[in-house]
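Peer 1: sequence-free structure coming up:
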Ligand code: HEM
């Protein structure tokens, strides 16, 4: 296998956005750190959603489909993230991020035309919610008003990917229709949140619980928890824990209702963004990185360290959020970040090991 160097500069921008986003996250938690730029703390959400994940997700598609224009969205996402924190008065960053998401819709349109299937349509709607969320944010809506759109972007993209990767289980027509109904409910709830946040929160909550239960029968992850191959088993645990947090997130939406700021807002968002999204990234990295860089990832038992730390620290943070324990909440957030850095370190180590063994 040969290292594909072309995506590396794009990955560099995405990683830069992640590092700034994590720094901003610590500022938002109350850690006394230099602010770096006046707008950094407020840019945490856009950096995470668009600068980092937007760039990464569109890059993966560009590498897979191999059309040159498709490298534009990840570039715009990476640059847009940086401009958002550097140039505040001009909305140049948000404009680039919105264009990146429009490009994302373009990429998924090509994919859905090539293969019109439940998974591509799901991912297409994911890109659309990213674009709509960004557009509203560009026109001055508060992040707390549109964050359900950003959440829908990541959840639909990941569940679409899971549908694709679990095709070996051959879900019945009925199961596919059921998924379509749940996804439609999720989209209705997401849209409703713009006009009636409480109603939107309840509908989204029900949909999240349904997606988690639907996965029990239809996602291969649950069947692989005792797989004999260590890497397959590890991936399965990342995914299964992600689905559990998705269900918990749905329950919190239903039980505590809409939140727009404060510790409960923090818990509601990060149970999904860290518990589901980051855990899924931990699980998908051994599949995605070889596809993007052309290098396999060697499984290391130490991968479990990042996984256990991520979930334990998230449980600590969510508990502290609801118990209103500020110091514990700060430590929970910091440990979330340490888990992410261990993951990055282990991934780089594993890629280097694969390269040296060639
Ligand atoms: C890993 C460690 C992380 C830390 C320490 C962190 C910290 C925070 C904090 C403290 C807030 C403000 C909550 C409040 O108002 O009380 C916040 C908001 C937010 N976070 Fe995170 N976060 C992390 C990860 C993530 C991830 C992985 C994502 C997305 C995938 C994300 C997306 C967001 C978004 C969209 C908001 C709302 C921003 C706003 O309303 O301005 N965060 N985060």
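Peer 2: Received it, and whenever you're ready, just let me know what you need. This structure is a prediction, so every number in the text was calculated from the model and none was measured. Residues are numbered from 1 along each chain as shown.
Peer 1: What parts of the stretch 201-350 of the chain come near the ligand?
Peer 2: Residues of the stretch 201-350 of the chain lying close to the ligand (CB under 6 Å from any ligand atom) are 261-263, 265-266, 269-270, 273-274, 277-278, 333, 336-337, 340. The way it works is simple: take the backbone N, C-alpha and C, and place the C-beta from them, glycine included.
Peer 1: so where do the helices sit in the stretch 251-358 of the chain?
Peer 2: Along the stretch 251-358 of the chain, counting by DSSP state H, counting those that start in this stretch, helices occupy 263-270, 279-293, 303-323, 326-356.
Peer 1: so where's this structure uncertain?
Peer 2: Residues of the chain that meet the criterion pLDDT under 70 lie in 1-2, 358.
Peer 1: Mind checking which residue lies nearest the centre of it?
Peer 2: residue 277 (4.0 Å; CA atoms, centre = their mean).
Peer 1: Name all residues that make contact with that residue.
Peer 2: Counting by CB atoms under 8 Å, 6 or more residues apart in numbering, residue 277 makes contact with 53, 154, 158, 242.
Peer 1: can I get those residues in JSON lines with secondary structure and neighbour count?
Peer 2: Shown next, in JSON lines, are the contacts of residue 277 (DSSP: H, G, I helix; E, B strand; the rest coil; neighbours: other CB atoms under 10 Å):
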{"residue": "53", "secondary structure": "helix", "neighbour count": "25"}
{"residue": "154", "secondary structure": "helix", "neighbour count": "23"}
{"residue": "158", "secondary structure": "helix", "neighbour count": "24"}
{"residue": "242", "secondary structure": "helix", "neighbour count": "28"}
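Peer 1: Contacts for stretch 154-170, please.
Peer 2: 49, 53, 57, 118-123, 125-127, 129, 171, 179, 183, 186, 208, 211, 215, 218-221, 223, 239, 242, 246, 272-273, 276-277, 280, 284, 287.
Peer 1: again, 6 Å this time
Peer 2: 57, 118-119, 122-123, 125-126, 219-220, 277, 280 (CB atoms under 6 Å, 6 or more residues apart in numbering).
Peer 1: Mind listing what's buried along it?
Peer 2: 154-163, 165-166 (16 or more other CB atoms under 10 Å).
Peer 1: got it, and stretch 190-204?
Peer 2: Buried, per 16+ other CB under 10 Å, within stretch 190-204: 190-193, 197, 200-204.
Peer 1: follow-up on the earlier one: what's the closest of the buried residues of stretch 154-170 to the ligand?
Peer 2: residue 154 (6.3 Å; CB to the nearest ligand atom).
Peer 1: re the thing from before, tell me which of the helices of the stretch 251-358 of the chain sits nearest to residue 69.
Peer 2: Closest approach to residue 69 among these is made by helix 279-293 (17.8 Å; CB to CB).
Peer 1: The closest one vs helix 303-323, what angle?
Peer 2: On the basis of axes from the mean of the first three to the mean of the last three CA atoms, to 10 degrees, helix 279-293 is oriented at 140 degrees to helix 303-323.
Peer 1: Check which helices and strands helix 279-293 sits against.
Peer 2: helix 55-65, helix 230-256 (3 or more CB pairs under 6 Å, 6 or more residues apart in numbering; DSSP states H and E).
Peer 1: Span of stretch 59-71 from start to end?
Peer 2: 6 Å (CA to CA, to the nearest Å).
Peer 1: buried sites along that stretch?
Peer 2: Buried residues in stretch 59-71 (16+ other CB under 10 Å): 59-63, 70-71.
Peer 1: can I get the residues you listed in CSV with distance to the ligand?
Peer 2: Shown next, in CSV, are the buried residues of stretch 59-71 (distance: CB to the nearest ligand atom, whole Å):
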residue, distance to the ligand
59, 16
60, 16
61, 18
62, 20
63, 21
70, 22
71, 23
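Peer 1: Out of these, which two sit at the greatest distance?
Peer 2: Going by CB to CB, the pair spanning those furthest: 60 and 71, at 11.5 Å.
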